[in-house]
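1. Kindly generate the corresponding structure for this input.
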Amino acid sequence: MSYVDGFVVPVPKRKLEDYKKLSQQAAKLWKEHGALEYVEAVGDDVPMGKVTSFPQAVKLEPDEVVVFSWIVYKSKEDRDRINKEVMEDPMMKADPSTWPFDGKRMFMGGFAPIVGL
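-> Next comes the predicted model:
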């Protein structure tokens, strides 16, 4: 079965177009190295929770939106190889202060699917 990396990040609304451009470049890079699918989705219906929620998890500010993203790989081994290759690309060496999002509030993880249709 496949393997999935998931990400959640807060993006300032005024930088959403810049984030979209960066995401398109990243998608191309991951796909060139073998990722099966690369998706970035901006929050459209992400209410504040009573205990936890996407906005709470990233400490969302009023001028920001939540972006939920995932990358699908053939296997965890492919994911490890692809991510190693991607991290060697010059695009990934950019100064974090130039990113159109706050990387300190991003969270991510790798997931082994248990259901897939």
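2. isn't there a strand covering Gly6?
-> Yes: assigned with DSSP: H, G, I helix; E, B strand; the rest coil, Gly6 falls within a strand.
3. So what pairs up with the nearest residue to it once chain neighbours are set aside in the strands?
-> Distances taken as C-beta to C-beta, 6 or more residues apart in numbering put Trp70 closest to Gly6, at 4.8 Å, once the chain neighbours are dropped. To be clear about C-beta, it is placed using only N, CA and C from the backbone, and glycine gets the same treatment. Beta bridges link Trp70 to Gly6, Val39, judged by DSSP bridges.
4. how about Trp70, what does it touch?
-> Neighbouring residues of Trp70 by C-beta atoms under 8 Å, 6 or more residues apart in numbering: Val4, Asp5, Gly6, Phe7, Glu37, Tyr38, Val39.
5. So that I can see them in ChimeraX, could you write out a selection of the buried residues among those residues?
-> Buried subset of the contacts of Trp70, written as a ChimeraX selection, criterion 16 or more other C-beta atoms under 10 Å:
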select :4,5,38
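6. Take the contacts of Trp70 and lay them out in TSV including distance to Asp78 and pLDDT.
-> Listed next are the contacts of Trp70 as TSV, based on distance: C-beta to C-beta, whole Å; pLDDT from 0 to 100:
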residue	distance to Asp78	pLDDT
Val4	12	98
Asp5	11	98
Gly6	16	98
Phe7	18	97
Glu37	12	97
Tyr38	14	98
Val39	17	98
